[in-house]
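A.B. asks: Sequence first, predicted coordinates after that:
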Amino acid sequence: MIKIAIQDSYIPDKHATQLVDACRSLGISYECFGLIPFSDSIIGGILEDKTSIIIPFGATKILHLYYQEKLPKNWVIWHDKLAFNQAVLAEEPSSVGLKMKNFLLNGSAEYKNWPDCADDNYNKWKFVKPVDDLKLFNGQALDPMYTLREQLALQTTDSDIYNHNELIMFADFKEINEEWRCFVVKNEVVISQYKKEGRPFVSNVVGNKDKFAITVLARTFNPLSDKPYVVDICTTGTGFFKKYFILEYNAFQCSGFYQHDVKDILHVLMRHYCDPLTKDYLAK
């Protein structure tokens, strides 16, 4: 059978609660687990379950553990560092033949290795982020008053970020008007909005024009072949000048839900990926 593993420590309470409530509502088997801070240790009774297929949801720490081969063998992760790397992604062909850089908001970005770019100065605002989504640091606007090293030093005392030969994206700063998060499973797209006019705005009500454009873009490219993924769609401009772009791809199991009805996400997921022992819950 399939069981959902829900991280309930060192993660927003709302995120875990949304998952628990959705599993209970749909009758999906679940169990919570914890992560011991500053270690690679997982705690919880779910570690004793060696027969179920475990689908974990939590922070990006579980991705790091996956790549270090420190997760139990029966835990399933949908992620690929190369496929989620924006520098690689930009050169991939889309479903309509054009390179993905044509659909990405930052398709024309520059890419530089850390620490080579750490002390560079720019005379205008730049958007910077690591090319993958393992959260060495969060994507952000780089103030022309600071180098990247100086700006990061204002945010964290974790000197470990300076020990990575990370590829960093530098893009011209753009004014984003709206943003939506899309959970995509086998071409089914579950959408909610999380920003409007540059400000937080959570809603799962999507107009027909937006829904059509968002769905088309969300299906333009699946970085994981037929596996689930998350993609953020944004717009620039308004009215006649409104344009839709792909902002970034994220891990299905480590992304915030905003105003999504998590039941919709799990329902689609289980319909496509559950084994015969769990399919009967859909008939309830």
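C.D. replies: Yep, it's here.

A.B. asks: List the contacts of residue 50.
C.D. replies: 72, 74 (CB atoms under 8 Å, 6 or more residues apart in numbering). Any C-beta I mention is one placed from the backbone N, CA and C, and that applies to glycine too.

A.B. asks: Go again with 6 Å.
C.D. replies: By CB atoms under 6 Å, 6 or more residues apart in numbering, no residues touch residue 50.

A.B. asks: what's it sitting at in phi/psi?
C.D. replies: Per-residue torsions, residue 50: phi -100, psi 0 (degrees, to the nearest 10).

A.B. asks: Can you classify the closest residue to residue 19 other than its chain neighbours by secondary structure?
C.D. replies: Closest residue in space to residue 19, ignoring its immediate chain neighbours: residue 6 at 4.7 Å, by CB to CB, 6 or more residues apart in numbering. Following DSSP: H, G, I helix; E, B strand; the rest coil, we place residue 6 in the strand state.

A.B. asks: Run through the residues that contact residue 6.
C.D. replies: 16, 19, 30, 32, 57.

A.B. asks: List the contacts of the helix or strand containing residue 264.
C.D. replies: Element membership for residue 264 (DSSP states H and E) is helix 262-273. Applying CB under 6 Å, 6+ apart, the contact partners of helix 262-273 are 18, 22, 25, 26, 183, 185, 186, 188, 190.

A.B. asks: tell me, what residue is most central in the chain?
C.D. replies: Most central in the chain under CA atoms, centre = their mean is residue 250, positioned 2.3 Å from the mean C-alpha point.

A.B. asks: is it true that that residue touches residue 230?
C.D. replies: Yes - taking CB atoms under 6 Å as the definition, residue 250 is a contact partner of residue 230 at 4.2 Å.
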